[in-house]
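Engineer: got a predicted model here, sequence first, then my questions.
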Amino acid sequence: MIPAAEALERLRVGNQRFAERLTLPVAGLDRGREAVLGAAQEPFAIILGCSDSRVPAELVFDQGFGDLFVIRVAGNIVAPSQVGSIEFAAARFQTRLVVVLGHTSCGAIEATLEELRRPVAQQSPNLRSIVDRIRPSVETLLENHRPDEADDDLIALAVRANVRASVNHLRHGSALLESLIASNGLRIVGAEYSLTTGRVEFLDGID
């Protein structure tokens, strides 16, 4: 199985191709649909990304069929079903890299900030569950936000704070993932995709 460092480099190189509009033909299409879909899964990276229609992970990282195990949910939040999906892929396929992929101008982040400022009395409980997952990572930012600071700056900080909170939850909120980190070389990292440039920045000084 591909080590985490090599998987991370593949994602970096693929995103560079995407940003520079040098994408490769989709891997596997020349073999026919049946051959591609019938082959065993061996994804080299697990991506927990946002459901935003502008951020499809396979395109952003210029990868083909079977390369990525992708979980998408508004705000790239971490709930039990997302943790379980990541545990499944990491254990079943021995995939050694997990990336939490946030993005600029995230609507779920904006909605959470709006809810914190002006609570909605009759909000759907399902929508509220997303807001409640994001709330702890952005509440302090909102409290410290000065009136003279642009909201865009607050949103940018909140996007990254939410990614880091999701990474921390995955690193320390699952006994199985903790075990795989300690004994199997699993690596969980955060990243942010820019809607403007098409580039992904990996966070926290990752090598």
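Structural biologist: Perfect, thanks for sending it.
Engineer: host element of residue 119?
Structural biologist: Taking DSSP states H and E as the definition, residue 119 sits outside all helices and strands.
Engineer: go on, residue 134?
Structural biologist: helix 125-143.
Engineer: what mean pLDDT does that helix get?
Structural biologist: Average pLDDT, helix 125-143: 90.
Engineer: check stretch 165-185 too.
Structural biologist: Stretch 165-185 shows a mean pLDDT of 96.
Engineer: likewise for stretch 9-16?
Structural biologist: In this model, stretch 9-16 carries a mean pLDDT of 97.
Engineer: how far away from the center of its chain is it?
Structural biologist: Centroid displacement of stretch 9-16 relative to its chain, using Cα atoms, centre = their mean, to the nearest Å, is 15 Å.
Engineer: contacts for the helix holding residue 134?
Structural biologist: 73-75, 77-79, 108-109, 111-113, 115-117, 123, 154, 157-158, 161-162, 164-165 (Cβ atoms under 8 Å, 6 or more residues apart in numbering). No exception for glycine: its C-beta is placed from N, CA and C like everyone else's.
Engineer: what's stretch 45-52 in contact with?
Structural biologist: Taking contacts as Cβ under 8 Å, 6+ apart, the residues outside stretch 45-52 that touch it are 7-8, 10-11, 55, 57, 61, 67-76, 78, 82, 86, 89-90, 95, 97-103, 106-108, 166, 170.
Engineer: which ones among the residues you listed lie within helices?
Structural biologist: Using DSSP state H, the members of the contacts of stretch 45-52 that fall in helices are 7-8, 10-11, 57, 82, 86, 89-90, 107-108, 166, 170.
Engineer: of those residues, buried ones?
Structural biologist: Neighbour counting with 16 or more other Cβ atoms under 10 Å marks 7, 8, 10, 11, 57, 82, 86, 89, 90, 108, 166, 170 as buried within these.
Engineer: can you tell me which two in the residues you listed are farthest apart?
Structural biologist: 10 and 108 (27.7 Å; Cβ to Cβ).
Engineer: helix or strand with the lowest mean pLDDT in this protein?
Structural biologist: Sorted by mean pLDDT, DSSP states H and E, the helices and strands of the chain end with helix 33-38, the least confident at a mean of 61.
Engineer: sheet-wise, list the partners of the very next helix or strand once past it with their directions.
Structural biologist: Downstream of helix 33-38, the first helix or strand assigned by DSSP H and E is strand 45-49. Each strand paired with strand 45-49, and its direction, by DSSP bridges: strand 68-72 (parallel), strand 97-103 (parallel).
Engineer: hey, C-alpha coordinates of the first one in CSV?
Structural biologist: Extracted C-alpha coordinates of strand 68-72, given in CSV (Å, rounded to 0.1, in the frame of the first residue of the first chain):
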residue,chain,number,x,y,z
LEU,A,68,-9.8,8.2,-3.9
PHE,A,69,-12.3,7.2,-1.2
VAL,A,70,-14.4,10.3,-1.0
ILE,A,71,-16.9,11.3,1.8
ARG,A,72,-18.7,14.5,1.2
